[in-house]
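Trainee: need a structure here:
(one chain, ligands or ions: 1)
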Amino acid sequence: MDQWQKDLKASISDVETLEKVLGVPADSVRDVVDRYPMRITPYLLKQIKKKGDSLWQQVVPSPEEMELEGSCDVEDPLHEEADSPVENLVHRYPDRVLLFVTNQCPIYCRFCTRKRFVGSPGTLSPENLRQACDYISEHKEIRDIILSGGDPLLVVDRLLERVLKALRGIPHLEIIRIGTRVPGTLPSRITPALCNILKKYHPLYMNLHFNHPDEITPEVGRACGMLADAGIPLGSQTVLMEGINDEPEVMIRLMQKLLAIRVKPYYIYQADLVQGTAHFRARVEKGLKIITALRGHTSGMAVPHFVIDAPQGGGKVAILPETLLHIDDETVIVKNYEEKIFKYPQPKPKPTSLHVLSSSHHDCE
Ligand SMILES: *Cc1c(COP(=O)(O)O)cnc(C)c1O
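Mentor: Take a look at the predicted model:
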């Protein structure tokens, strides 16, 4: 067994251990954990500094997860199942697909969009992988695949390589992406052996999940450095959550710390309408305020897109603070980060090529 597998095995996953280690009464969350599995890796446990802090809230089950009243939350708000042509494959956008490689994760985020199935046993079977590859092979418009789950880095190297190899056999598949929370929650999984496998399948990108600046530790920095040294461009995805990262100051620090460990902020998500996660949801204005606080005030590299993944499978929609105050044929009026107003003169409308011909002809006469 590799060290990371031992670390995973030493995670907290039952309510009795949770009570012993963190003092949460076992009976208060027994039904929650029966329904939605829990896992807290030893690494993550070490990062929890006190009851109710940003990491605690993300991984410690709460009775609030069982509250349903007055909510329009559902198990599959993004309608992933409706957009699934083959088991474990989601095809929503024209040129890219999502493939669920496993139901397992290093930790079970209490706010997870896929609360409906994560934590149940299950990894992509060889037969299922073949079906997914057949589908992609038949759909030449697919040029991008995102390995997701669950967390694709929780499968053993041999299986991960089998998936990557099968996908690389499809000529029109240009890029492979991996979405993972492993570097920030089980950094021992990022081994030289893993990096050696991954770098054989370039162009390969990774989007890492981080929600709070306290998640950026020296261990995490080292893991991300190894991936970056393997030539993998790293992005980040963050979920906006009430009381965890809804203050601009917290989010600015997170984005700056990510850049410092070679991770380029990619998305901040408005929390999805998932059953059992309502207590995490912040208002959309908070996200807009965060983007406003980032843009212009710090490196443009640190500014991700703030998106709402529209319910019922509408896909991601970017939400932007208003900076375009007016636009007409002659003038554009914009507001900068200091709230100063500027006028930009539009170029004259370009004549069409036909006009160019006739007017130049005219000029010569
Ligand atoms: C998020 C998502 C993608 C990838 O979207 P990008 O904006 O390209 O990162 C693809 N498919 C599904 C179903 C998704 O939810």
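
Trainee: same question for the host helix or strand of Lys6, mean pLDDT?
Mentor: Taking DSSP states H and E as the criterion, Lys6 maps to helix 3-9. Mean pLDDT, computed over helix 3-9, is 98.

Trainee: Quick check: which helices or strands does that helix pack against?
Mentor: Contact analysis of helix 3-9 by 3 or more CB pairs under 8 Å, 6 or more residues apart in numbering; DSSP states H and E lists no helix or strand as a packing neighbour. All C-beta spots, glycine's among them, are computed from the backbone N, C-alpha and C.

Trainee: What's the first helix or strand after that helix?
Mentor: helix 15-22.

Trainee: Kindly provide the distance from Leu154 to Leu204.
Mentor: Noted for Leu154: a distance of 17 Å to Leu204, by CB to CB, to the nearest Å.

Trainee: Glu16 now?
Mentor: Relative to Leu204, and taking CB to CB, Glu16 is found at 41 Å.

Trainee: between the two, which one's more packed in?
Mentor: Leu204 (20 against 10; other CB atoms under 10 Å).

Trainee: so is the residue nearest to the more buried one when sequence neighbours are not counted in a helix, a strand, or just coil?
Mentor: In space, and not counting its chain neighbours, Leu204 is closest to Ile176: 4.9 Å by CB to CB, 6 or more residues apart in numbering. At Ile176, secondary structure determined by DSSP: H, G, I helix; E, B strand; the rest coil is strand.

Trainee: partners of Ile176 in the sheet?
Mentor: Ile176 has these beta-bridge partners by DSSP bridges: Ile145, Leu204.

Trainee: which residues touch it?
Mentor: By CB atoms under 8 Å, 6 or more residues apart in numbering, the residues touching Ile176 are 144-145, 147, 164, 167-168, 201, 203-205.

Trainee: name the helices or strands packed onto the host helix or strand of Cys224?
Mentor: Per DSSP H and E, Cys224 falls inside helix 218-229. Applying 3+ CB pairs under 8 Å, 6+ apart, we find helix 218-229 packed against helix 182-185, helix 192-198, strand 234-239.

Trainee: and with 10 Å instead?
Mentor: Applying 3 or more CB pairs under 10 Å, 6 or more residues apart in numbering; DSSP states H and E, one finds that helix 218-229 contacts helix 42-47, helix 182-185, helix 192-198, strand 204-209, strand 234-239, helix 248-260, strand 263-269.
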